[in-house]
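[1] sequence? don't have it. structure:
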């Protein structure tokens, strides 16, 4: 179990992680989702004791990593496929890591087999493709047979076969009762891998819920409404947590209310509605919705939509 | 080393393999000997390290042979030319005894750079993230690497000095010069120079830790050991004459001198100065390594 309490990291005048609280439970795959620069990697480095929190704390099974008697046997992490000396062979890299905890050579061979590196294990890591580097990073993470596995963007650069392999691996690890914490900026990947999602944007936790709730979560369901009095209806629907976008002259998209509430408001005030369609949000849309105010680097493309009121996330 | 330091019993390992994932770890953690073993594996599995060690031997033996030949020529000239003979007499003592260590300036540059590289490459390659994830307390990994660097530098310098001696003896013999590798002064030169090079390697490693950049670390080392002594000599003023004595590169002569030389420290002072040049940067590097983000 990983627990972050008021975890904060400030670099100069830039706050990378702003006092986040979350718990990553054992026995399920927890996805850590956020746009680039949201603070995912910084948070993971703090879990691993590589970056010192400016304030707050993060613990694994109740104590910071520096307090663990055998860290590699408790927590294995892939933080960066490039966390290897480029002139050393994959086998020797793993052998040196294993030596710190007297992990037997047998286990080194096991993780090499498991990650499909057997053919290149004696070659210098400098010549590895990104995908092979990722496999080596995963091999290193699994070396100590750890209870907690942290993987930062593990499918980056993997071929489709590798992506499926990682997906099955993390699910298997979670099914064994391990804590699995997996970051990605790809919602599509999370949709098929994670059981639980923690969404981060600009260093803040935006959502922390089971993946089903994030997809169909309250406030995320949208409804398309056609009416001949859009301005009147917008006034009636305005309220906390409700946002209305004008799609066309008489077409609105309402977020934060269910169709029955919209219909009731219209009926009571004699506003005619001639279309009322619930829209199922994909995780992709849910994610965009969650992070739209939190994206560090906005692409300057606007849809022409006019938000009446920002959705209260 | 690896098999003898393993403390875990097969039964504990068996329990570890069956562990379903609850609770905290079972099995051995990063004790100092294990981390030392790991650092030694890292050390010997880099080709560049082995090349630098090999070049040290080649350079030391090569310079020893060259110096033996030059010393022989010089003593022959001295026998014929009274002016050269007078210069030789002014040097006093035994001119052959320092032949085996004549390449030491290059050994210190190579092994000092090796000290820098072993730490700076951790940061430039990202290896440090793996190293310190396995040893989150960091200091044991630093100390283990320091032991590997210092011991290897000492052993390689001593061995190559000895090899240079073996090559030089027959050459000197040709010119009728005797070199007894077992004489107290020969042994003293070998030990002091080997300790000195080990000290330079430790300073290099401290610089590599502080600067985290290979080029920057090596340049600082060169600045301290090659540029500063010359610069201090060129700048006029009593202060620089005095300060020059305290540069780490100027501590070897007082430590190996048969008699105290003018304008140098006493041997015990030189020993303390060299010690301070090692201890202060190494402690500073350890403290900052512990505190800074990786």
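    Arrived safely. Fair warning: this is a prediction, and the values are worked out from it, not measured in the lab.

[2] For the residue in chain B positioned nearest to chain A, give me its contacts.
    Proximity of chain B to chain A (Cβ to the nearest Cβ) peaks at residue B:29, 3.4 Å away. Just so you know, the C-beta spots here come from the backbone N, C-alpha and C atoms, and that holds for glycine as well. Contact analysis of residue B:29 by Cβ atoms under 8 Å, 6 or more residues apart in numbering or on different chains lists A:68-73, A:101.

[3] ok, now with 6 Å
    Shown in contact with residue B:29 (Cβ atoms under 6 Å, 6 or more residues apart in numbering or on different chains): A:69-70.

[4] Repeat that for the one 10 residues further on.
    Applying Cβ under 6 Å, 6+ apart to residue B:39 gives the contacts B:144-145, B:148.

[5] taking those residues one by one, which sit in helices?
    B:144-145, B:148 (DSSP state H).

[6] Buried only: go through these for me.
    Neighbour counting with 16 or more other Cβ atoms under 10 Å in any protein chain shown marks B:144-145, B:148 as buried within the ones in helices among the contacts of residue B:39.

[7] from those, which are also near chain A?
    Here nothing survives when these are matched to chain A using Cβ under 6 Å from any Cβ of the partner chain.

[8] Return the member of those residues nearest to residue A:292.
    Closest to residue A:292 out of those is residue B:145 (47.5 Å), distances taken as Cβ to Cβ.

[9] which non-adjacent residue is nearest that closest one?
    Spatially, and ignoring its direct neighbours in sequence, residue B:145 is nearest to residue B:39 (4.8 Å; Cβ to Cβ, 6 or more residues apart in numbering or on different chains).

[10] Could you give the secondary structure assignment for the one you found?
    helix (DSSP: H, G, I helix; E, B strand; the rest coil).

[11] where does the stretch 151-294 of chain B have low pLDDT?
    For the stretch 151-294 of chain B, no stretch has pLDDT under 70.

[12] That one against chain A: which residues are in contact?
    Neighbours of chain A within the stretch 151-294 of chain B, by Cβ under 6 Å from any Cβ: B:293-294.

[13] Any chance you could list what contacts the helix or strand containing residue B:281?
    Using DSSP states H and E, residue B:281 maps to helix B:267-291. The contact list for helix B:267-291, computed with Cβ under 6 Å, 6+ apart, reads B:138, B:142, B:199, B:202-203, B:206, B:209-210, B:246, B:248, B:251, B:254-255.

[14] Also stretch A:58-65?
    Taking Cβ under 6 Å, 6+ apart as the rule, stretch A:58-65 contacts A:1-4, A:7, A:46-47, A:49, A:71, A:75, A:148, B:24, B:136.

[15] ok, now with 7 Å
    Identification of contacts with stretch A:58-65 by Cβ atoms under 7 Å, 6 or more residues apart in numbering or on different chains yields A:1-4, A:7, A:46-49, A:57, A:71, A:74-75, A:147-148, B:24, B:136.

[16] show me what contacts residue A:178?
    Taking Cβ under 7 Å, 6+ apart, one finds A:26, A:147-149, B:21 in contact with residue A:178.

[17] taking those residues one by one, which sit in strands?
    Judged by DSSP state E, these include A:148-149 as members of strands.

[18] Out of the contacts of residue A:178, flag the one nearest to residue A:231.
    Nearest member of the contacts of residue A:178 to residue A:231, counting by Cβ to Cβ, is residue A:26, at 52.2 Å.

[19] what ranges do the strands span in the stretch 1-150 of chain A?
    Remark: strands assigned in the stretch 1-150 of chain A by DSSP state E, counting those that start in this stretch are A:2-11, A:14-24, A:29-33, A:55-60, A:75-78, A:148-152.

[20] okay if I get the ones you listed as TSV plus mean pLDDT and mean neighbour count?
    What follows is those, written out as TSV (pLDDT from 0 to 100; neighbours: other Cβ atoms under 10 Å in any protein chain shown):
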stretch	mean pLDDT	mean neighbour count
strand A:2-11	96	18
strand A:14-24	94	18
strand A:29-33	95	27
strand A:55-60	96	18
strand A:75-78	96	28
strand A:148-152	97	25
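
[21] and the stretch 101-250 of chain A, which of its residues are near chain B?
    Neighbours of chain B within the stretch 101-250 of chain A, by Cβ under 7 Å from any Cβ of the partner chain: A:101-102, A:140, A:145, A:147, A:176-178.

[22] And those residues, which two are furthest apart?
    A:102 and A:177 (24.5 Å).

[23] Of those two, which one has the most company?
    When residue A:102 and residue A:177 are compared for neighbours, residue A:102 comes out ahead with 23 against 14, by other Cβ atoms under 10 Å in any protein chain shown.

[24] okay but the more buried one is in contact with residue B:30, surely?
    No. Using Cβ atoms under 7 Å, residue A:102 is not in contact with residue B:30; the gap is 9.1 Å.

[25] Any stretches of chain A with poor pLDDT?
    For chain A, the stretches flagged by pLDDT under 70 are A:216-221, A:280-286, A:289-290, A:293-313.

[26] Please, where are all the helices along it?
    So, for chain A - with DSSP H - the helices run A:40-47, A:71-74, A:90-99, A:105-114, A:130-142, A:160-175, A:187-193, A:211-216, A:230-237, A:259-268, A:283-291.

[27] now do the stretch 1-150 of chain B
    Per DSSP state H, counting those that start in this stretch, the stretch 1-150 of chain B carries helices over the ranges B:2-5, B:10-18, B:32-44, B:47-80, B:82-91, B:104-125, B:127-134, B:139-174.

[28] Columns distance to residue A:40 on top of those helices, output as JSON lines?
    As requested, the helices of the stretch 1-150 of chain B are exported to JSON lines (distance: least, Cβ to Cβ, whole Å):
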{"stretch": "helix B:2-5", "distance to residue A:40": "36"}
{"stretch": "helix B:10-18", "distance to residue A:40": "30"}
{"stretch": "helix B:32-44", "distance to residue A:40": "29"}
{"stretch": "helix B:47-80", "distance to residue A:40": "34"}
{"stretch": "helix B:82-91", "distance to residue A:40": "68"}
{"stretch": "helix B:104-125", "distance to residue A:40": "22"}
{"stretch": "helix B:127-134", "distance to residue A:40": "15"}
{"stretch": "helix B:139-174", "distance to residue A:40": "26"}
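
[29] so how far is stretch B:254-265 from its chain's centroid?
    Stretch B:254-265 sits 21 Å away from the centroid of its parent chain (Cα atoms, centre = their mean, to the nearest Å).

[30] Give me the contact list for that stretch.
    For stretch B:254-265, the external contacting residues (Cβ under 7 Å, 6+ apart) are B:93, B:185, B:188-189, B:192, B:245, B:253, B:266-267, B:270-271, B:273.
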